[in-house]
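# One predicted model, sequence on top.
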Amino acid sequence: MAKVSSKAAIAAIQQAKGNLTKAAEALGIGRATLYRYVNSKLTIKAALDEARESLIDTAENKLADEIEKGNMTAIIFFLKTQGKKRGYVERQEITGEDGKPLPISIINADPDDV
């Protein structure tokens with residue numbers, strides 16, 4: 001494994017906002033090497049988890065900004081994902097003709113045909 005200090009790895013991961021490919025490039029090592037390093041050091045794994053959680057927070061804030069601006073796509077997305085308990089769900093109901101139940105056919109295969 002390449003010689004990379006935990007401090008340098010954590011800084012690169014934070015700078016890259018949890019993108020390990022970018023962090024590995026900044027460190028001058030391969031992505032697979034950084035993955036192994038992350039999996040072998042709890043402090044680096046924690047830094048990666050924190051960086052990714054922080055990016056999710058940023059995305060949530062941007063989504064909230066777009067909702068405040070009246071962006072209908074953002075509003076619909078939010079309601080579909082966060083408003084389910086209030087009935088904002090999309091589902092498809094599959095029925096037979098005129099809303100009747102679907103007909104069910106049971107076909108027994110001849111063991112000689114299988």
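Nice, thanks for sending it over. Numbers count the residues shown, from 1 in each chain.
# How about residues contacting stretch 42-53?
Residues outside stretch 42-53 that contact it (C-beta atoms under 8 Å, 6 or more residues apart in numbering) are 6, 9, 10, 13, 14, 16, 17, 18, 20, 37, 38, 39. Where C-beta positions appear, they are placed from N, C-alpha and C, glycine not excepted.
# What helix or strand is residue 58 located in?
helix 42-68 (DSSP states H and E).
# how far does that helix sit from the chain's center?
12 Å (C-alpha atoms, centre = their mean, to the nearest Å).
# residues of that helix that come out buried?
Within helix 42-68, the residues that count as buried by 16 or more other C-beta atoms under 10 Å are 44, 47, 48, 51, 63, 66, 67.
# which residue sits closest to the fourth one in space, ignoring its chain neighbours?
The reference is to residue 51. In space, and not counting its chain neighbours, residue 51 is closest to residue 18: 3.7 Å by C-beta to C-beta, 6 or more residues apart in numbering.
# Next: residue 94.
Distance criterion C-beta to C-beta, 6+ apart; nearest residue to residue 94, sequence neighbours excluded, is residue 102 at 6.7 Å.
# What separation is there between the residue positioned nearest the centre of the chain and residue 72?
With distances taken as C-alpha atoms, centre = their mean, the residue of the chain nearest its centroid is residue 56 (9.6 Å). The gap separating residue 56 from residue 72 is 23 Å, by C-beta to C-beta, to the nearest Å.
# what's the answer for residue 16, then?
33 Å.
# Could you do residue 65 as well?
14 Å.
# Pass me the low-pLDDT residue ranges in the protein, would you?
The model of the chain has pLDDT under 70 over residues 1-2, 113-114.
# Fine by me, thanks again.
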